Structure formats: C-alpha cells, structure tokens
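Peer 1: When you get a sec, could you give me coordinates for this:
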Amino acid sequence: MIQSLPVVPSLSPRDRWNTALPLDAFVAHAEMNQKLWAMTLQRARLTEAHSARAAAIPGTWHLLVLLEDWCGDAVNSVPYVQRIADANPAITVRVIQRDAHLDLMDEHLTNGARAIPIVLLYDAQFTLHGVWGSRPAALQRWVLDHGMALDKEARYKEVRTWYVRDRGATVVNELLTRLEHAAIR
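Peer 2: Next up, the predicted model:
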C-alpha cells in the first residue's frame, strides 16, 4: 500500500518572495556555472532605449524568477531581467529554485514541461499580472520548428549562439512589453 504524503499548503507569493534571494546572492552561491553566471551578469547591459522604457514603468513591481543554476536559458536571460530592475528602483528581482517550488512551477508549465526560467510579474500587493519564459518567443519557435531535428549537442550550440548574437535584446523587449501592459491595467 502506498502511503499518502501530507499536503503542505502552498506559500503565498509574498511568503515566497520573502524566502527568495537577490540575483547576486544566488550567483555567489551557484554550484554549477558560477563563473558563467558571474560573467553574464557583469556583461549584461541595456540599450539606452531599453533603460528609458524600464525607468518609465509606473508602479512597484516584484519579479520572481524560477530557475536552477545549471540552466543555460536562465544564465543567458536572467541577468538582463536584473538590468531592467537596475534601471527602475521600483522594480525588484528575486530568484527561487524551481525544484524547491514545484507546486508553483507546475502552475506555469511551458508546453507541458517544467522549462525555466519563468519570470512572474507581481505588483506591490503581490497580485500576479503576467509571466515570461522560458525563453524568447523567436528562439522557442526555432527550437520547436527546426531545433528539434538536430541532436541535443548541435541544438544547444545553436541556442547559445542565438543568445550571444541577441545580447539580451529580445528578453528585455519581451519583458518590458509585459510590464508596460501590466502597468496600464
């Protein structure tokens, strides 16, 4: 007979936020890809236009990111999420590990998968206004349309090349657009 496990109540968004780490603290304690995380965070920059858009977003926003330190999409995207917050003092970013919060992850699956990173856009009262992830839309379309025909190593090489060429521009644009729409609701 299988013993049923006790149901643990989910944490509220505010409680999750209070247990989450700032990105720099997460990077400092990363077990995998720590140097890559640090390098990407150091090199991530916004264009002047993106900085201006970020600075103009009204309201207070909490961006809670589900990730794991081994995730290539996260290491190439999340530093740019941090740069958006750096451009607007009313936007803050915190990160939590996906595998420690599977209940929340399972509410935000990508095509049925626990794909990361996932960025949850909460207002000042921790009401969810949007979600971004797990990778930029154009890259996701390529992966699903053409990338799956490649073996895993070749596909990941192409994905990494896409991120290097894009320099975070698509991540930033997509996330800023979501924030701008959320702010006018």
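
Peer 1: My understanding was that residue 120 contacts residue 81; is that so?
Peer 2: No. In this structure, residue 120 is not within contact of residue 81 by C-beta atoms under 8 Å, at 11.0 Å. Bear in mind the C-beta positions are built from the backbone N, C-alpha and C, glycine included.

Peer 1: of the two, who's got more company?
Peer 2: residue 81 (26 against 23; other C-beta atoms under 10 Å).

Peer 1: can you confirm residue 63 is in a strand?
Peer 2: Yes. Counting by DSSP: H, G, I helix; E, B strand; the rest coil, one finds residue 63 located in a strand.

Peer 1: Can you name the residues bridging to it?
Peer 2: Taking DSSP bridges, one finds residue 93, residue 121 as the beta-bridge partners of residue 63.

Peer 1: SS state for residue 135?
Peer 2: Secondary structure assignment for residue 135 (three-state DSSP): coil.

Peer 1: Apart from its neighbours in sequence, what residue is nearest it?
Peer 2: residue 73 (4.7 Å; C-beta to C-beta, 6 or more residues apart in numbering).

Peer 1: dump the residue contacts of the one you found.
Peer 2: Residue 73 makes contact with 115, 116, 117, 134, 135, 159, according to C-beta atoms under 8 Å, 6 or more residues apart in numbering.

Peer 1: Out of these, which end up buried?
Peer 2: Among the contacts of residue 73, the ones that count as buried by 16 or more other C-beta atoms under 10 Å are 115, 116, 117, 134, 135, 159.

Peer 1: out of those, who's nearest residue 49?
Peer 2: residue 135 (22.2 Å; C-beta to C-beta).

Peer 1: pretty sure that closest one is in contact with residue 142, am I right?
Peer 2: No. Look at residue 135 against residue 142 with C-beta under 8 Å: they stay out of range, at 9.7 Å.

Peer 1: if we can go back for a sec, now the contacts of residue 73 as JSON lines including distance to residue 27 and pLDDT?
Peer 2: Shown next, in JSON lines, are these (distance: C-beta to C-beta, whole Å; pLDDT from 0 to 100):
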{"residue": "115", "distance to residue 27": "21", "pLDDT": "94"}
{"residue": "116", "distance to residue 27": "16", "pLDDT": "97"}
{"residue": "117", "distance to residue 27": "13", "pLDDT": "97"}
{"residue": "134", "distance to residue 27": "19", "pLDDT": "94"}
{"residue": "135", "distance to residue 27": "20", "pLDDT": "94"}
{"residue": "159", "distance to residue 27": "21", "pLDDT": "95"}
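
Peer 1: I'm done for today, thanks for sticking with me.
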